[in-house]
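> can't give you the sequence, but here's the structure:
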């Protein structure tokens with residue numbers, strides 16, 4: 001008879017570690033062919049069942065795919081809803097006619113700021129009108145405004161509807 005080889009220190013260390021691991025006995029009720037049951041020990045908390053998969057996907061994979069698919073479906077539904085044009089029918093809004101100016105400007109008392117409110121009169125021309133009125137005295141009529149350099153017959157015709165003339169009163 002042959003003698004068994006003496007155990008090495010590595011084998012002793014492995015036996016000691018295995019002895020300290022918690023194990024729970026798992027038995028099979030029967031083995032195919034009616035043979036006797038065998039005892040199998042697994043670490044505590046371990047399962048001898050394979051994780052359930054469908055098409056190679058775990059439960060986490062299926063949840064992730066389901067959420068991504070739901071987000072895509074909702075996005076497509078929103079896109080199709082917007083393409084349908086629902087709620088985008090133009091609404092007719094009735095606005096009153098434009099009113100450019102509803103004021104009258106007294107040519108002998110208006111400041112340069114008031115003159116600037118008229119179409120075609122900028123700051124320079126408005127200051128020129130006030131300076132001319134100060135230097136040459138009050139205007140005697142609306143046509144007298146044409147004496148200002150920069151106001152010709154066309155511009156006077158354009159601003160005439162908003163000009164008024166009140167004769168200057170002497171004090």
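That came through, no problem. Predicted model, so just to flag it, every value in this text is computed and none were measured.
> so which residues of this protein form strands?
23-27, 39-43, 105-106, 163-164 (DSSP state E).
> least confident of those strands, on average?
Per-stretch mean pLDDT for the strands of the chain is lowest at strand 23-27 (a mean of 50).
> ok, residue 84 to residue 78 distance?
Shown here: residue 84 relative to residue 78, a distance of 11 Å by CB to CB, to the nearest Å. In this view, the C-beta of every residue, glycine as well, is placed from N, C-alpha and C.
> er, residue 108 I mean
66 Å.
> the more surrounded of these two?
Using other CB atoms under 10 Å as the criterion, residue 108 and residue 78 rank with residue 108 on top: 16 against 10.
> so what's that one up against?
By CB atoms under 8 Å, 6 or more residues apart in numbering, the residues touching residue 108 are 133, 138-139, 165-166, 168.
> and the two most separated of the residues you listed?
Largest separation among the contacts of residue 108 by CB to CB: 133 and 166, giving 13.4 Å.
> these two: which is more packed in?
Neighbour comparison, residue 133 and residue 166: the larger count goes to residue 133, with 19 against 10 (by other CB under 10 Å).
> surely that one is in contact with residue 139?
Yes - with contact defined as CB atoms under 8 Å, residue 133 counts as touching residue 139 (6.5 Å).
> which residues are common contacts for those two?
What both residue 133 and residue 139 touch, as defined by CB under 8 Å, 6+ apart, is the set 107-108.
> which helix runs longest in the protein?
The residue-count maximum for a helix in the chain (DSSP state H) belongs to helix 59-83.
> and the end-to-end length of stretch 84-102?
46 Å (CA to CA, to the nearest Å).
> er, stretch 114-129 actually
End-to-end distance (CA to CA), stretch 114-129: 11 Å.
> what residues does it touch?
Counting by CB under 8 Å, 6+ apart, 100-101, 103, 105, 112-113, 130, 145, 148-151, 155, 158-159, 162 sit against stretch 114-129.
> quick one: buried residues of it?
Across stretch 114-129, burial judged by 16 or more other CB atoms under 10 Å covers 115-116, 118, 121, 125-126, 128-129.
> thanks a lot, see you next time.
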